[in-house]
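Asks: fold the stuff below for me.
(2 chains)
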Amino acid sequence: AQSVTQLGSHVSVSEGALVLLRCNYSSSVPPYLFWYVQYPNQGLQLLLKYTTGATLVKGINGFEAEFKKSETSFHLTKPSAHMSDAAEYFCAVISPSFGNEKLTFGTGTRLTIIP
Amino acid sequence: EAQVTQNPRYLITVTGKKLTVTCSQNMNHEYMSWYRQDPGLGLRQIYYSMNVEVTDKGDVPEGYKVSRKEKRNFPLILESPSPNQTSLYFCASSRTILSYNEQFFGPGTRLTVL
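Replies: Here you go, the predicted model:
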């Protein structure tokens, strides 16, 4: 079984401040991990993903995330928030096993940027 | 332009009136999936399809049907909608079933069942 926990359904940061969105996962096998962003009235867009290899993953729009196996975490960060970053962010996990490639999502974190 | 399209984008209906939400992708993707998004619950998978004529249940399949007769299309059918199916629905596709392939999402269909 696999699951994702996103701590904080709402996060507010000031423009220019560090963005930190938390994600913890559980998986019976080494997972693949994803962050998706959803802008108002739009579908989801992939920000970044971790499959294998380097544990620090860089994505679009200046976001990055680090896979920490010992902490079962995949937190999303951005050094300096921009107004355009206001959106809902979803962490997701797949436990790779042939024939069962279900993507399990967290409940989402709504990011608000304070001018 | 590579995309996943859904129709309609908004739908208000009444309990028991059959409806179909269409989904189409132009990327020749093998894998397609339907999700519903509800506040506080994130996205939950309804059904998925690994290829033409191959479909399987996700986490919340009750009350829904799907079909995959053509590679590009994956309609979601509600035979007898009920108010608890009021939700925001997303269709998604990816190149293959393999995990590392990015899923592309449609713009969503907001369904209200009265």
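Asks: from here on, just use CA atoms for contacts and neighbour counts.
Replies: OK.
Asks: quick check: residues of chain A near chain B?
Replies: Contact residues, chain A versus chain B (Cα under 8 Å from any Cα of the partner chain): A:9, A:32, A:41-46, A:51, A:90, A:94, A:96, A:98-99, A:101-108.
Asks: which helices and strands does the least confident helix or strand in chain A by mean pLDDT pack with?
Replies: Lowest by mean pLDDT, DSSP states H and E among the helices and strands of chain A is strand A:104-105, with a mean of 89. Applying 3 or more Cα pairs under 8 Å, 6 or more residues apart in numbering or on different chains; DSSP states H and E, we find strand A:104-105 packed against strand A:3-5, strand A:87-94, strand B:42-51.
Asks: among those, show me which one is buried the most.
Replies: Counting by mean count of other Cα atoms under 10 Å in any protein chain shown, strand A:87-94 has the highest mean neighbour count of the helices and strands packed on strand A:104-105, with a mean of 26.
Asks: roughly how far out does that one sit from the chain middle?
Replies: Distance of strand A:87-94 from the chain centroid (Cα atoms, centre = their mean, to the nearest Å) equals 5 Å.
Asks: who's the residue nearest the centre of chain B bridged to?
Replies: With distances taken as Cα atoms, centre = their mean, B:Trp34 lies nearest the centre of chain B, 2.9 Å away. Here B:Trp34 sits in beta bridges with B:Tyr47, B:Cys91, going by DSSP bridges.
Asks: now B:Tyr31. Nearest residue, chain neighbours left out?
Replies: B:Met50 (4.6 Å; Cα to Cα, 6 or more residues apart in numbering or on different chains).
Asks: still on that earlier bit, immediately after the least confident helix or strand of chain A, which helix or strand?
Replies: Per DSSP states H and E, the first helix or strand lying C-terminal to strand A:104-105 is strand A:109-114.
Asks: list the buried ones in that following strand?
Replies: Residues A:Thr109, A:Arg110, A:Leu111, A:Thr112, A:Ile113 are the ones in strand A:109-114 that count as buried (16 or more other Cα atoms under 10 Å in any protein chain shown).
Asks: dump the residues you listed to TSV, plus pLDDT.
Replies: Formatted as TSV, the buried residues of strand A:109-114 follow (pLDDT from 0 to 100):
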residue	pLDDT
A:Thr109	96
A:Arg110	96
A:Leu111	97
A:Thr112	97
A:Ile113	97
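Asks: now, which of the residues you listed sits nearest chain B?
Replies: Of all the buried residues of strand A:109-114, A:Thr109 has the smallest distance to chain B: 9.4 Å, by Cα to the nearest Cα.
Asks: for the residue most central in space within chain A, what are its contacts?
Replies: Taking Cα atoms, centre = their mean, the centroid of chain A lies closest to A:Trp35, which sits 3.3 Å from it. Shown in contact with A:Trp35 (Cα atoms under 8 Å, 6 or more residues apart in numbering or on different chains): A:Leu46, A:Leu47, A:Leu48, A:Lys49, A:Leu76, A:Tyr89, A:Phe90, A:Cys91, A:Ala92.
Asks: isn't the third one right next to A:Gly62, touching?
Replies: No: counting by Cα atoms under 8 Å, A:Leu48 stays clear of A:Gly62, with 10.4 Å between them.
Asks: higher neighbour count, these two?
Replies: Set A:Leu48 next to A:Gly62 and count neighbours by other Cα atoms under 10 Å in any protein chain shown: A:Leu48 wins out with 20 against 12.
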